Structures are given as C-alpha cells and as structure tokens.
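[1] All I have is the shape, not the residue letters:
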C-alpha cells in the first residue's frame, strides 16, 4: 500500500514506536516532582533534550519541546516579535512559507497592527538573499524562512539569508519542518522550529530552538515548564520517541537521501515523458531528496487523487479543488505555475523502488481517464481538438457574451486593436465553472483562433488566474492580461503560433 | 512502590496503553486527507470525539481536543472572553483555581487591561454561590470555577454557581481536571476543560467543550483543525487512548470511589491520632474520593517529602519550601490554613489497602524525625518546650532587636498597651530563616510568655504570614496582627491561656 505523502505526516519510525512504548513505563510522571517517578521522568526529558539539541545543532538549554510544529512556529514568531518590540513590529516572510507561519503573521498584523513584508520567489519557489535584503527595514523585528518548501521541495538559501539578516541585525526564524530529518540547518539562524511527525516521530511534539542572545519574550499565559516557552504538561513519552527517532532517521539519511533522490529523479524525468501536458515544478537541483510535485493540464486534482487512491497510492495536491477554500495552493500561486491536476509525491524512508515504478505505470492511464471524462482536447499536429467527453461545453461565441465591461473595456496590457480586432476575437464563458474547466474550454476553442487573434475566457474560479497564464507559458502562446468582467474576470490570450 | 500523587499525574491506565498502541498503527496519518490512511485516522478521531463527548455530557461537535489541560484552559478562557468582548472584560475566578486558570486571568489583565475579580473560599477551600453572585458585575464576560480543588480535594458547588451565572447571563467555565474521571460535571456549565493524564490517560491530551450558543472567538493564529479552537496536527494515538481510558476509568469509578474514600477516611482519621500537631485540611464531606491533604506543624515540607520518598512514598506538597517561588500554595493561603509540613496524598485507582496502612505506619516516625532535626519544641502539660536539636536557634531578646518600625510602630490590630506592655514582650528574630523555623522559634519561646503577654516574630519568609496565624488557631492563642519591620514583617501573638 504505497503511501506517498510523507510531507504531510511520515509513518511512525520503528525506533519511535519502541522508544514510545519504553517511555510509557517510565515517563508518565511529572518531571517537575522530586520523588523517584518524577526524577525518572526528568532524566528521560533531559536526555531527550540533549539528543534533539545535538541533532538541531544547538545547546540543550536553547531547545524546548512544544505540542506540535505549529505551536513551535506560533510561539517562536510571537515571542521573537515581542522580544524586539522596541525595534519595530515589521515581519518579513517568504511568500511560500507554511500556513502556520503565514497565519502567525496574519495574527500579528491583526492583533498588534504590525506590518508584514512578503518576500517573493522565483518560478522554482526559491527566494533570493537580495529579496530579503530589500524586505528588511529599520523597523523589521523578525524574518522567517523555511529551510525547504513543503509543497514543491525547493531548498531555500538559508545560510545566505541568515548572513543578510545578521548583517542587518534582524533575527531569522527558520521553519525546518520538512528538512530536519535530513540534516541540520546550516547558517547563522536565530530561531528554528520543527515537527516530529514529519520525520517519522510521533504526533504531539514540535521543537523550538532560540539561540542564546536572541531577545525572546514568551507570549500568552505564564507557565513554568519548558523555560516558560511552551505551557502545559510535557508529553514525555512522545518527546522521548521524537528524539530517538530523529537520531535514527539521521543515521539513515545519507544513504536514503541518495536512494530516494534517484527515485524522485525517475519521477521527474519519466512523468513528462509518459503523460502529455505535465509541468514538473520546484527547483530541479536544490531540493529535498524525497519530494516531487507536478501539475497535469486539463485535470481535476480531486478526481486524480481519487483515482490514485483507488489504485492504492496516497498523495497530496495543491489544486484548488482539493482545498477547503477552493483556492489553489499559495505556494503554486507565488511561483506562478500551473495548479490544476497538481500532485505532490513525497516518499517515506524505505519506499521500495517497485512502488515508484508501479506509480509510473498507472499514472498515465489515470490521467488520461480523468481527461477523457472532462472532454479534454488532445494536442494533434500543433492544433487543439476536442476529445469526445461527458462534460457539457461552456458557451462559446464569436462576439462577447456580455455587453458590460468585458466587451467595452480595453485589455489592460498589450495592444489589441487594428489588425488584431478584425482577425478574430472569441469569447468563452466559463463563469460558474470550476478548475480545470476554464482551461479546458480555452484549449477546445484555441484551434479555431487564427494566429494573431485572441480568445477571452470569462471565469470566476480563482484557479483560472493562475492556470490560464500557466497554460500560455506551457503552450508558447501570449497571455495578454486580465480585466474585471460582470461576474468574474476576463482573461485574454493571443495566439502567436 | 506506592505512588500517591495521582492528582499530579496518574499512572497510565492499561486501556490507555492498549488503545495507544493500536492507534499508533492506524492513526499516524493526517485526518484531513482524503486517502485511505487519512480516512482511517478520521474515523478514529471521530469515534474518540464521540466517546469523550459522551463522558463529558456534551455533543461531539461541542468538544475539541487540545494538547493539554493547560491549553484547554488557556484557549477556553481567551476564546470565551473575546467572544463576549462587547459585554465587558471582567473575569471572575475563585481564589483556589489551578494555576493555568490564574495565569490565563493574569494574561488577560496584562494584555487587554481586563479586570479580574477573585471569589473567596471558606476554611475548607469552598466557594459559595453567593460569593459568585457578589462577584458578577454588568461587565463580567466570564466566570471560572473548578469542579474540585486539586490540592485539598474540596468539591465546589458547581451546579449552584452555574445557576447564578445563568441567571446573570454570564457563561461559566468549569475546570474539571481533577474530577472528570469520577463522573460528569453536573449543572448548566457553558465551557468545560479537562486533562487526560489526570485520569490515567496519556499526556498530550486536553479537552475543551464549548456549549452551542456560547459566544466563542478563538484567539491566536488561525488554524483549520479542531473547529479552529486548537491549532496544530492532532495527536491522534493519544486522543484515542484518552477517550478509551476515560470510558474505562468511568466504568471503575463507582466501586473505586467507595473503596478509595474509605482509605482516605482512614488517613483523615488516623493521621491526627498518630502524629501530634497536624491539621487535616479541605472539606471533610464534599470532597474528591481519592485525595487528602494535611499539614504538620514544625515540619519542613521538603524534608518530609524527601523522607517519604526514601520510604518509597511519592506525595506532593503545597509547602513554600517545595515550590520554586518559595511561597506557600495559593490554595492554602486562600483557605488561611497551615502550610508548613504540607502533604497531599492522592491515591491512584487500585491503590492497595496495605500501602495506605504502611503509609500510616511510617509517617509518625518520619515526621518526628524531621521535627527532631529542627529542634522542635515538644508539647508537654500545656507548655511548649524546646527539644534538643541540630538547627541553630534564632536570636531571642526581651527587647525589640531593631530600633526601626518594629519597636516604634503600633501593632495594627488589638490593644497592646498598659498592663500587657509590662507583663512581657518577647521578640524573636527569624529574619532570613525559612519555613518552618519562624514558627518553631515562636513555639520555643512561647512557654516563657506569661498569659496576657505577647511575642513578636520578625520574619521575611512568605510562609510566616500564613503559618503564624494558623499556629495561633491550632494552639488557641490570639493572633494580634502584623506590621512592617525593617527587613521583613513583625507578627505579634498574645498568649491567652
């Protein structure tokens, strides 16, 4: 049963299971108590802290255990911001941080009126140290950067950004949730967070490291435990299991990272060969060894996930149709890449090669099956043609379907008058239709557009904003721009070949 | 190895262990995911929620799992206060709440400028519904009351207080951490919190129930999990174990509460017979079945705990010398009872009778051993006499040792002039001496005070403020009052018999 979603939660490592069971016997008492059961618990806690600190690359007294990675991020961001309140209340974060960081940033804005500066990423999802250099202001209290992206696997230049931050006197919090199992985070970071269930440890344990000398003022109600940085009774058996499994995972990391990287390379290479119209996203070189993400044009992400699940493959997706908010993943948006039919494969330690091969075997059929159900056009001799399908087509007209802003307003970017006006101007009404329909409808009519002519797609699905430009990029056509329309947005595409 | 500190953390119930191990196999994936491992996790989570809600007496959609009882309290207090921000920002709490409630109240005061009204308790540690009626104001947003006290076992009149709160339109949050294993909380409470490791469940799980219709605005960064009330990846194996063990513990509760209540009755009756100068504290009738607390005059709490530990008994204490802040427990202070030599015995389920009997066998010798080391006076024929001891005596003089405020200022309460002045006025300098020395020194010289005369004890140890009046109460002597002194406080006692 191939589970390919380690980046959500890794299966429990055998060492974690053993350590947890052993610690249940000796680690249930309150480590703050002085009697023997308390002393036994304290010993376990102290040695777990030493082991985890060793793996993080900090001193034991710089590290506390939190109930989750999310708690570590929330407490770390709030405490670091409060510790530097005198400097200012500006926070710099990359556009592709984990939602726990972005939610902490939003809470900071809402509660204190602090400002948040978002550092952009390139098409691989990677920030630059120059980006941080620009984002830091005299009133910046804290900068945050993930060690590697959780959706596309891109490794961030943490050491370079840490240098910029250090030279500007701004502490850097690194969210190492996706990478800590693979190795320590290099560079002069100030705070670091992580989550045990991402490396095969148990749920219920996060790490928060705060380097000596970093101003830190814990927020929320006071509590004596964990240096006042993580309230509540410690979950000692889980903490012990987290530390033990981190050590165990690290011992396997060198060999497994080579092996899994080869399997991921196989997916990166073979999927675009086996499946038409696929975009593999994320940095091809500087990336996590076990994670690869690709998006399939004209594919409903939820339908594909369902098909993969029926074929026994558990994967994740950043497509809008798989999110409760019906918006594409903020990571894919920030990268400006295709979001429809998005699939993230993240291999757990020990994934057999045969499972990856079987995935490559079944994927093409599943994708084409989903496409067929949506009546997707098949690329043939440079021209798009509609395949027979069961999904009703959107309304298409040679004239604008609306007499409102769509027909009257000028296209915001690029010339669209004169010759172009006369050579053809189709309008596709995909209002009320969800991803991937708007792009499918665009493709269906595109064959009828003369070179130099335009198609306008009316859509109110959030994913269209990302996926129509991405389609143009993939197809080598010109994305002219968007403008507001009556009940949605008008996206204009010009055929250039 | 008798572990008598269930109120700190109960040993893991066998059902919790079994459920935890089973859930480790099926409950490690993200319950928000749609693939089979996620669906399996979701099923476990849903059924744990139903079981826990059933035990709490609420609907499953009213209950969320938090990482600890402390998190439940912090989130519950903050969310309920924010939900009723328009009404006002006043919070009413009893004086004997768990520190998590008091810390949440202090954080509310500090962060929002909200006011906190403390409801007093009687000498048994019990609030009255009248006390809450008086405390509630038009701007009271929330009231908090524990179901039973964690240090002295006194059950609170929750149903009566809930009625008062309901009639005044104020929601009541009940901290049921100590009682939930014994049964549901009666009465029309609005919010309820609990902690699994207190009933034999695993660490890492708290409960927060918020009744439908209660205004609640979760604070802190947003998170989709647990109805937005408890951020972070759920600790599913622990949640499953918590729910299963709560059910198991409840099945044993009726029989065990009768059995343990008899054992606790034995301690309540026998300890004062076996050990001189002991005060058993807490309500003698309306109390938790498994918990009893007593204080031993002239005894250093830490020394006694150490001796009990050497004799294999693990107990807890509210004495100042066993706290990191060197102040006596706020519960004992609010009750106005003796804090020195304080011992809390809380029996886990299944505690054998023989262990309690052995405790009663060894306790008298251990207490008298500690007393001897401190040179404690032995009560003989109505007169206190100093036993030979190894601890140096405090300075005693017939005149005030200080010419500062102690000698010049009048005693604040009670007449102390005329006849009394001439009949004897000893001053004991116990400055810099910690509990129980100030009371021991008082007792040593008391035999030399003529009836009607006074002794002034100079002390800077916080415990003296509680223990000197308590000594007077136990000895039937008059506590005249206190006044500021040069480096501490002058406590004045008059001999009346």
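    Received the coordinates, thanks. What you are looking at is a predicted structure, and each value in this text was computed from that prediction instead of being measured.
[2] Burial check on residue A:354, number of neighbours?
    9 (other Cβ atoms under 10 Å in any protein chain shown). Every C-beta, even on glycine, is put in place using the N, C-alpha and C of the backbone.
[3] again with residue A:324
    Neighbours of residue A:324 under the rule other Cβ under 10 Å: 7.
[4] Quick check, it in contact with residue B:224.
    Yes - between residue A:324 and residue B:224 there is a contact under Cβ atoms under 8 Å: 6.7 Å.
[5] buried stuff in the helix or strand where residue A:43 lies?
    According to DSSP states H and E, residue A:43 maps onto helix A:36-56. Neighbour-count burial for helix A:36-56 flags A:36-38, A:40-42, A:44-45, A:48-49, A:51-56 (criterion: 16 or more other Cβ atoms under 10 Å in any protein chain shown).
[6] Then stretch A:283-295?
    If you call a residue buried by 16+ other Cβ under 10 Å, then stretch A:283-295 has these buried ones: A:283, A:287-295.
[7] Is it possible to get a markdown table of those that adds pLDDT, distance to residue B:490 and secondary structure?
    Shown next, in a markdown table, are these (pLDDT from 0 to 100; distance: Cβ to Cβ, whole Å; DSSP: H, G, I helix; E, B strand; the rest coil):
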| residue | pLDDT | distance to residue B:490 | secondary structure |
| --- | --- | --- | --- |
| A:283 | 97 | 73 | coil |
| A:287 | 98 | 72 | strand |
| A:288 | 98 | 69 | coil |
| A:289 | 98 | 72 | coil |
| A:290 | 98 | 71 | coil |
| A:291 | 98 | 71 | strand |
| A:292 | 98 | 76 | strand |
| A:293 | 97 | 74 | strand |
| A:294 | 97 | 80 | strand |
| A:295 | 96 | 79 | strand |
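[8] and those, which two are the farthest apart?
    Greatest spatial distance among these (Cβ to Cβ): A:289 and A:295, at 20.9 Å.
[9] show me what contacts the nearest residue to residue A:55 once chain neighbours are set aside?
    Nearest residue to residue A:55, sequence neighbours excluded (Cβ to Cβ, 6 or more residues apart in numbering or on different chains): residue A:246, at 4.9 Å. By Cβ atoms under 8 Å, 6 or more residues apart in numbering or on different chains, the contact set of residue A:246 is A:51-52, A:55, A:180-181, A:196, A:199, A:201.
[10] what do you get if the cut-off is 10 Å, keeping everything else the same?
    Residue A:246 makes contacts with A:13, A:15-16, A:48, A:51-52, A:54-56, A:180-181, A:194, A:196, A:199-201, A:205, A:207, as judged by Cβ atoms under 10 Å, 6 or more residues apart in numbering or on different chains.
[11] now residue A:45
    Contacts of residue A:45 by Cβ under 10 Å, 6+ apart are A:23, A:27, A:31-32, A:65, A:225-226, A:234, A:236, A:239-240, A:243.
[12] do that again at 7 Å, thanks
    A:31, A:234, A:236, A:239 (Cβ atoms under 7 Å, 6 or more residues apart in numbering or on different chains).
[13] isn't there a helix covering the last one?
    Yes - when classified by DSSP: H, G, I helix; E, B strand; the rest coil, residue A:239 is found to be part of a helix.
[14] show me what contacts it?
    A:45, A:48, A:65, A:205.
[15] now swap in the second one and tell me
    Counting by Cβ under 7 Å, 6+ apart, residue A:234 makes contact with A:31, A:45, A:65, A:225-226, B:203.
[16] Equivalent analysis for the third one, please.
    By Cβ under 7 Å, 6+ apart, the residues touching residue A:236 are A:23, A:27, A:31, A:41, A:44-45, B:203.
[17] Double-check residue A:202 against residue A:237; I have them as touching.
    No - using Cβ atoms under 7 Å, residue A:202 is not in contact with residue A:237, being 8.0 Å away.
[18] Could you pick out the residues of the stretch 101-250 of chain A near chain B for me?
    When proximity is defined as Cβ under 7 Å from any Cβ of the partner chain, the stretch 101-250 of chain A approaches chain B at A:103-104, A:106-107, A:197, A:203-204, A:220-224, A:231-238.
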